[in-house]
Structure formats: structure tokens, C-alpha cells
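Participant: Sequence isn't available, so here's the structure alone:
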């Protein structure tokens, strides 16, 4: 009888351990799924278009449109991230390949993936953030990036 009780306790502990491991695994998968939905890996933990859609659009914000395969977007990426970090205005990164991204492309009449849409008090202005130089090399347009992401320059407009 004691042997059966010991075997039963062993299986009970084994089942409990399995359930704990299963629950922890499911929680981890859920957390990863949630993070991937709201954060773009390439831009680390910056706000994405899914979060933007939930925000009031009349505030002062910057929308940085990009496409993963766009060489112009890649050229301007680091300068944009640094300028956005220094700005008091929220910057949202919009992947033009997504459904939400396409609706924002249409709304703001964005023609190129490498575009910043500056919204200040409901007024909209578009900037290309990368271009080819005279030699044909694709470079970030640092002046356009600074102007677009600047939080004080266009407040009176």
C-alpha cells in the first residue's frame, strides 16, 4: 500500500511540475506575442502604427514612414532614431507594408516610404528624410530630419 501511495505522489508531483512549466511557457509566448505586436524590432521599443491609431490625431506628433527593404529608409534610420530621442514630441514608426500603415499612407498622401509626417496642432507637413547625393549615394537628409522632428521650430505655424 505504501508503495502505491509513493508512486501516486510521484505522478502527482510530476503532473504538477508539468502544469507549472506549461503555464509559464504559455505566459512567455503571450508576452512575446504582445510585445511583437506593439514594438518594431528594427526600431527597438518605439511606438508603432498600431499604437498611433489609438491616439488622438490632433496632437503634436511625428510619423516616420518606412519599409524594411527601402534603402532610403535604412540610410536615414539611425539619424531619425537619434533625433527622435532628443525631441519632446512623440514619434511613431509606421511600416508602409502593414494594413494600418497603408491607411495612414493614404490619409497623409505619403508618396515615398522614407517620409516623415510632422503634425503640429492638426497641421500636417511632409519631409523626405533621405535622398541621393550628387554621386548617386543614398544619404540621410539630416537637415530635413532635424526640421521635421524639431519640437519648437514649428509651434507657431
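Facilitator: Sure thing, it's come through. Nothing here was measured: the structure is a model prediction, and the numbers come from that model. Residues are numbered from 1 along each chain as shown.

Participant: Below-threshold pLDDT in the protein: ranges please.
Facilitator: 1-5, 31-58, 151-157 (pLDDT under 70).

Participant: Go again with 90.
Facilitator: 1-18, 20-61, 86-90, 99-100, 120-123, 150-157 (pLDDT under 90).

Participant: Mind splitting it into its structural domains?
Facilitator: 1-38, 45-149 (automatic domain parsing).

Participant: what about the helices in this protein?
Facilitator: Per DSSP state H, the chain carries helices over the ranges 2-38, 49-53, 71-86, 99-108, 142-149.

Participant: Residue 135: which of those is closest?
Facilitator: helix 71-86 (13.7 Å; Cβ to Cβ). In this view, the C-beta of every residue, glycine as well, is placed from N, C-alpha and C.

Participant: can you tell me the distance between the two ends of stretch 104-119?
Facilitator: Stretch 104-119 has an end-to-end distance of 13 Å (criterion: Cα to Cα, to the nearest Å).

Participant: Would you format the helices of the chain as JSON lines with distance to residue 127 and mean neighbour count included?
Facilitator: Listed next are the helices of the chain as JSON lines, based on distance: least, Cβ to Cβ, whole Å; neighbours: other Cβ atoms under 10 Å:
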{"stretch": "helix 2-38", "distance to residue 127": "25", "mean neighbour count": "10"}
{"stretch": "helix 49-53", "distance to residue 127": "17", "mean neighbour count": "18"}
{"stretch": "helix 71-86", "distance to residue 127": "10", "mean neighbour count": "18"}
{"stretch": "helix 99-108", "distance to residue 127": "12", "mean neighbour count": "16"}
{"stretch": "helix 142-149", "distance to residue 127": "4", "mean neighbour count": "19"}
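
Participant: Turn those into CSV, columns for distance to residue 135.
Facilitator: Shown next, in CSV, are the helices of the chain (distance: least, Cβ to Cβ, whole Å):
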stretch, distance to residue 135
helix 2-38, 39
helix 49-53, 34
helix 71-86, 14
helix 99-108, 30
helix 142-149, 17
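
Participant: which stretch among those comes nearest residue 129?
Facilitator: helix 71-86 (4.2 Å).

Participant: What is that closest one packed up against?
Facilitator: Secondary-structure packing of helix 71-86 (3 or more Cβ pairs under 8 Å, 6 or more residues apart in numbering; DSSP states H and E): strand 61-66, strand 130-132, strand 138-140, helix 142-149.
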